[in-house]
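> For reference, the sequence and a predicted model appear below.
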Amino acid sequence: MNEMVLIVEDELPMRRFLRTALSANGFRVLEAGSIREAEPLVTGTPPAAILLDLGLPDGDGMELLRRLRERSKTPIIVLSARDREDDKVLALDAGADDYLTKPFGASELLARIRVALRHARGHGAAEDPVVAVGPIRIDHSRHEVSVDANIVHLTPIEFRLLAFLARHAGKVLTHRQLLHEVWGPQNAHHGEYLRVHMSALRRKIETDPARPRWLTTEAGVGYRLRDV
């Protein structure tokens with residue numbers, strides 16, 4: 001059975017674009033133009049993923065995002081014309097799996113959906129003892145990392161940071177999420193920790209640390225370990 005995607009978007013031209021892109025790639029589509037229309041569609045048979053606009057006619061999509069995340073682990077990708085870094089951080093910290101700023105292309109949208117669905121399918125599974133992302137291989141049992149089959153010596157913090165990024169490969173993780181996971185909640189505001197260790201990690205992982213291919217920056221938001 002093809003997977004169902006719920007579109008929560010009040011602009012008809014955008015809904016038409018999304019519907020066409022999804023249908024052409026084998027997804028079934030549900031549509032809602034408001035929070036009131038969306039909530040019953042989520043509480044019934046839950047969709048595989050949700051595309052959520054923030055500017056809805058009967059409320060802020062951020063409130064719907066928070067309510068959905070409280071009761072569901074369904075992947076939610078925010079689609080919004082709001083391009084401020086603060087808006088992206090708020091949405092991601094509130095539980096969005098990804099954030100796309102309008103306008104965007106169908107190929108990018110579909111790639112983000114595939115990543116979100118892949119994470120959802122693996123949710124709750126035991127962590128693989130070996131994780132490979134591009135040339136990077138992380139062996140959890142040996143606490144060992146290699147790049148292009150060459151062993152790379154990481155500090156414990158660098159290992160935890162890379163392992164967390166790899167667990168969510170393809171997904172942008174906010175500064176707060178990374179700090180909370182690696183250093184603990186008491187250090188969630190110490191962004192300098194993250195900058196220093198990410199710089200060191202890039203020097204060990206990237207061929208050209210000044211132009212990173214794998215450990216990429218989402219300006220003002222966080223970092224992403226690319227998986228393609």
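Thanks, I have the structure now.
> CA atoms only for stretch 212-228, dumped as PDB, please.
Extracted C-alpha coordinates of stretch 212-228, given in PDB (Å, rounded to 0.1, in the frame of the first residue of the first chain):
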ATOM      1  CA  PRO A 212      32.500  20.500   4.500                       C
ATOM      2  CA  ARG A 213      30.700  17.900   2.300                       C
ATOM      3  CA  TRP A 214      29.200  15.800   5.100                       C
ATOM      4  CA  LEU A 215      29.000  17.900   8.300                       C
ATOM      5  CA  THR A 216      27.100  20.800   7.000                       C
ATOM      6  CA  THR A 217      25.800  23.900   8.700                       C
ATOM      7  CA  GLU A 218      22.300  25.200   8.700                       C
ATOM      8  CA  ALA A 219      23.100  28.900   9.400                       C
ATOM      9  CA  GLY A 220      21.700  30.100  12.700                       C
ATOM     10  CA  VAL A 221      19.900  26.800  13.300                       C
ATOM     11  CA  GLY A 222      22.200  23.800  13.700                       C
ATOM     12  CA  TYR A 223      24.000  21.100  11.800                       C
ATOM     13  CA  ARG A 224      23.200  18.200   9.500                       C
ATOM     14  CA  LEU A 225      25.200  15.000   8.600                       C
ATOM     15  CA  ARG A 226      24.300  14.600   5.000                       C
ATOM     16  CA  ASP A 227      23.400  11.000   3.900                       C
ATOM     17  CA  VAL A 228      23.600  11.400   0.100                       C
END
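> What residues sit buried inside it?
Of the residues in stretch 212-228, those buried under the neighbour-count criterion (16 or more other C-beta atoms under 10 Å) are 212, 214, 215, 218, 221, 222, 223, 224, 225, 227. From N, CA and C alone the C-beta is placed, and that goes for glycine too.
> Only alpha carbons, please: show the helix or strand encompassing residue 176 as PDB.
Following DSSP states H and E, one finds residue 176 within helix 175-183. As requested, the backbone C-alpha atoms of helix 175-183 are provided in PDB (Å, rounded to 0.1, in the frame of the first residue of the first chain):
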ATOM      1  CA  HIS A 175      22.100  23.700  18.500                       C
ATOM      2  CA  ARG A 176      19.800  23.100  21.500                       C
ATOM      3  CA  GLN A 177      19.100  19.400  20.500                       C
ATOM      4  CA  LEU A 178      22.800  18.700  20.100                       C
ATOM      5  CA  LEU A 179      23.900  20.400  23.300                       C
ATOM      6  CA  HIS A 180      21.200  18.600  25.300                       C
ATOM      7  CA  GLU A 181      22.100  15.200  23.900                       C
ATOM      8  CA  VAL A 182      25.900  15.500  24.100                       C
ATOM      9  CA  TRP A 183      26.500  17.800  27.100                       C
END
